[in-house]
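S.K.: Pasted the sequence and its predicted model underneath.
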Amino acid sequence: MRSRVPEEQVLALFHEGVDAFCAEAARLDDDGWSRAACGDWTATQLARHVLAVVGWYHDWLDRAEAGDASPAFPIEDLDAR
């Protein structure tokens, strides 16, 4: 049986994540954005990555709502994206 997570819970978790990310970003000064934040990635690189992934998720959700279950792009293109 497949469980369904209530939309309100999904949206609350999404907003919690956005708020936490924004709070951390607001603490960074110019030097903070250029320092390593995750492995070798700087805070700037990490923020760009998060923005790219958020864009993918929005695209995937839009496609799903339209009934399109096909891959948004070939897996071979993942690194380029």
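M.R.: It's in.
S.K.: Against residue 15, how distant is residue 9?
M.R.: 11 Å (C-beta to C-beta, to the nearest Å). C-beta: built from backbone N, CA, C; applies to glycine.
S.K.: ditto for residue 46
M.R.: Counting by C-beta to C-beta - residue 46 and residue 15 are separated by 20 Å.
S.K.: Of the two, which one has the most company?
M.R.: A count of neighbours by other C-beta atoms under 10 Å puts residue 46 above the other of residue 46 and residue 15, at 18 against 10.
S.K.: Let's see the one helix or strand that one maps to as CSV, backbone CA atoms only.
M.R.: Assigned by DSSP states H and E, residue 46 belongs to helix 43-65. Extracted in CSV, the C-alpha atoms of helix 43-65 (Å, rounded to 0.1, in the frame of the first residue of the first chain):
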residue,chain,number,x,y,z
ALA,A,43,29.5,28.5,0.1
THR,A,44,28.9,30.2,-3.3
GLN,A,45,29.3,26.9,-5.2
LEU,A,46,27.0,25.1,-2.7
ALA,A,47,24.4,27.8,-3.0
ARG,A,48,24.5,27.5,-6.8
HIS,A,49,24.2,23.7,-6.6
VAL,A,50,21.2,24.0,-4.3
LEU,A,51,19.6,26.5,-6.7
ALA,A,52,20.1,24.1,-9.6
VAL,A,53,18.6,21.2,-7.8
VAL,A,54,15.6,23.3,-6.7
GLY,A,55,15.0,24.1,-10.3
TRP,A,56,15.1,20.5,-11.3
TYR,A,57,12.6,19.6,-8.6
HIS,A,58,10.2,22.3,-9.7
ASP,A,59,10.5,21.1,-13.3
TRP,A,60,10.0,17.4,-12.3
LEU,A,61,6.9,18.4,-10.2
ASP,A,62,5.5,20.4,-13.0
ARG,A,63,6.0,17.5,-15.4
ALA,A,64,4.4,15.1,-12.9
GLU,A,65,1.4,17.3,-12.5
